[in-house]
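>>> Next comes the sequence, and after it the predicted model I'd like to discuss.
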Amino acid sequence: MKKHNFYAGPSILSQYTIQNTADAIINFADMGLSILEISHRSKQFQAVMDEATALVKELLEVPEGYSVLFLGGGASLQFCMVPFNMLETKAAYLNTGVWSTKAIKEAKIFGEVVEVASSKDRNFNYIPKDFTVPQDVDYFHYTTNNTIYGTEIRKDPDAGNVRLIADMSSDIFSRQIDVSKYDIIYAGAQKNLAPAGVTIAIVRDDALGHVTRPIPTMLDYRTHVKKGSMFNTPPVLPIFSALQTLKYYKQLGGIKEIEKVDLAKAAKLYETIDSSRMFVATVPDHADRSIMNVCFVMKPEYAELEKDFIDFATTKGIVGIKGHRDVGGFRASLYNALPMESVDALVACMKEFQSNH
């Protein structure tokens, strides 16, 4: 039976990425060695790092003056690295969910944090509007997509003269962005790029070096800029997989074409939910809805059928749709590698289940 993978992360990867990675595990670059056992200092792996860096810059149209880094520790380490490197006195944060809450907690270790707005009052099911970013802060930080609650900010915000920093872990490469507006963009790979284990950071070089505190060598972005992400042994296998995904994205026509498909997938599923007598979306404002993580629940009169629906979906080869415990219900993650065929399968499953009940 064909599987339709809706897991929120680690999540679906393209068959192109999986097959090429599997081949490299057996024989990397015709070396007669596995990529799992070769030196990260070898010319063959340096070529991987160089090409991956170049493709990130090409696909996202990264301007001059930025470095692309491949780091360990996930976005969770970036919650610490960002204020360590950037927060001198005060920073502003938008609180839209669990991940921004965690980022705020880390930033408070290094200085004052201004929470410009929060959607916690409604369990993070909307994006706050009409907030003001103070112009006397060191930077403004926000999370673009909230995997748990299914909200997303799909336009680059205007932070005035303040440095802008974004956690794009779960929607990077799904929309066109103006990188020049940002001083740091970071993203864990396990949503739209590669297996868990590598994190991309796109850093404006002249934004670094302005805090007075000493920074541990490993946590200083400048260390990794200077060493080309090779200060210590990088996560070789996830970086190789990331390269395959980046090559695949280029074959698809780049971010503009990918975004068209992503929007179409999300529109189809949301239309099914909104027209259903059984299901309802957890994010009421259409403008706030994520196209990466579609969250929905049973209407109250059908709530007792939640487990039955998950069991029914499983018989159709649909996996990973159980919602996060903080929201309940269901979550269908529509990352770039998920084909429209899988969305069609979920839509058909929902309609059949509703017809049966």
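Structure received.
>>> wait, doesn't residue 276 sit right on residue 355?
No: with contact defined as C-beta atoms under 8 Å, residue 276 does not count as touching residue 355 (11.0 Å). (C-beta placed from N, C-alpha, C; glycine too.)
>>> between the two, who's got more neighbours?
residue 276 (18 against 8; other C-beta atoms under 10 Å).
>>> Can you tell me the SS state at the spatially most central residue of the chain?
Nearest to the geometric centre of the chain sits residue 170, at 1.7 Å (C-alpha atoms, centre = their mean). Under the three-state scheme (DSSP: H, G, I helix; E, B strand; the rest coil), residue 170 adopts coil.
>>> Next one: it from residue 225, what distance?
With distances taken as C-beta to C-beta, to the nearest Å, residue 170 is found 25 Å from residue 225.
>>> Likewise for residue 113?
For residue 113 relative to residue 225 (C-beta to C-beta), the value is 26 Å.
>>> higher neighbour count, those two?
residue 113 (22 against 18).
>>> Around the spatially closest residue to that one that is not a sequence neighbour, how many other residues sit close by?
In this structure, residue 113 finds its nearest non-sequential neighbour in residue 107, 5.0 Å apart by C-beta to C-beta, 6 or more residues apart in numbering. Using other C-beta under 10 Å, residue 107 has 25 neighbouring residues.
>>> For the host helix or strand of residue 311, buried residues please.
Using DSSP states H and E, residue 311 maps to helix 306-315. By neighbour count with 16 or more other C-beta atoms under 10 Å, helix 306-315 contains the buried residues 306, 309, 310, 312, 313.
>>> which phi and psi does residue 166 have?
phi -140, psi 140 (degrees, to the nearest 10).
>>> Dig out what it forms beta bridges with.
residue 142, residue 185 (DSSP bridges).
>>> Tell me how many other residues crowd it.
For residue 166, using other C-beta under 10 Å, the count is 26.
>>> That one contacts residue 182, doesn't it?
Yes: with contact defined as C-beta under 8 Å, residue 166 counts as touching residue 182 (6.0 Å).
>>> Can you report how many residues neighbour residue 237?
Around residue 237 there are 19 other residues, counting by other C-beta under 10 Å.
>>> can you check residue 50 too?
12.
>>> Start at 54, not 1
All right, first residue 54 from here; so that's residue 103.
>>> which element is it on?
helix 96-113.
>>> other SSEs contacting that helix?
Judged by 3 or more C-beta pairs under 8 Å, 6 or more residues apart in numbering; DSSP states H and E, the packing partners of helix 96-113 are strand 119-124, strand 252-257, helix 289-304.
>>> now what about the helix holding residue 364, what contacts it?
Contact partners of helix 359-368, identified using C-beta atoms under 8 Å, 6 or more residues apart in numbering, comprise 350, 351, 374, 375, 381, 382, 383, 399, 402, 403, 405, 406.
>>> so what's the third one up against?
Residue 374 is in contact with 59, 363, 366, 383, 384, 385, 399, counting by C-beta under 8 Å, 6+ apart.
>>> Could you check the pLDDT of the closest residue to the fifth one other than its chain neighbours?
Spatial nearest neighbour of residue 384, excluding adjacent residues (C-beta to C-beta, 6+ apart): residue 376 at 4.5 Å. At residue 376 the predicted local confidence, pLDDT, stands at 96.
>>> Next, the contact list for residue 376, please.
348, 350, 382, 383, 384.
>>> farthest-separated two in the residues you listed?
350 and 384 (9.9 Å; C-beta to C-beta).
>>> Settle it for me: which of these two has more neighbours?
residue 384 (25 against 19).
>>> and the more buried one, bridged to which residues?
Applying DSSP bridges, one finds that residue 384 bridges with residue 348.
>>> tell me the contacts of it?
Residue 384 makes contact with 59, 61, 200-201, 203, 346-349, 374-377 under the criterion C-beta under 8 Å, 6+ apart.
>>> Secondary structure and distance to residue 90 for those - can I get that in JSON lines?
Putting the contacts of residue 384 into JSON lines (DSSP: H, G, I helix; E, B strand; the rest coil; distance: C-beta to C-beta, whole Å) gives the following:
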{"residue": "59", "secondary structure": "coil", "distance to residue 90": "34"}
{"residue": "61", "secondary structure": "coil", "distance to residue 90": "32"}
{"residue": "200", "secondary structure": "coil", "distance to residue 90": "34"}
{"residue": "201", "secondary structure": "coil", "distance to residue 90": "37"}
{"residue": "203", "secondary structure": "coil", "distance to residue 90": "41"}
{"residue": "346", "secondary structure": "strand", "distance to residue 90": "36"}
{"residue": "347", "secondary structure": "strand", "distance to residue 90": "40"}
{"residue": "348", "secondary structure": "strand", "distance to residue 90": "41"}
{"residue": "349", "secondary structure": "strand", "distance to residue 90": "45"}
{"residue": "374", "secondary structure": "coil", "distance to residue 90": "37"}
{"residue": "375", "secondary structure": "strand", "distance to residue 90": "37"}
{"residue": "376", "secondary structure": "coil", "distance to residue 90": "40"}
{"residue": "377", "secondary structure": "coil", "distance to residue 90": "37"}
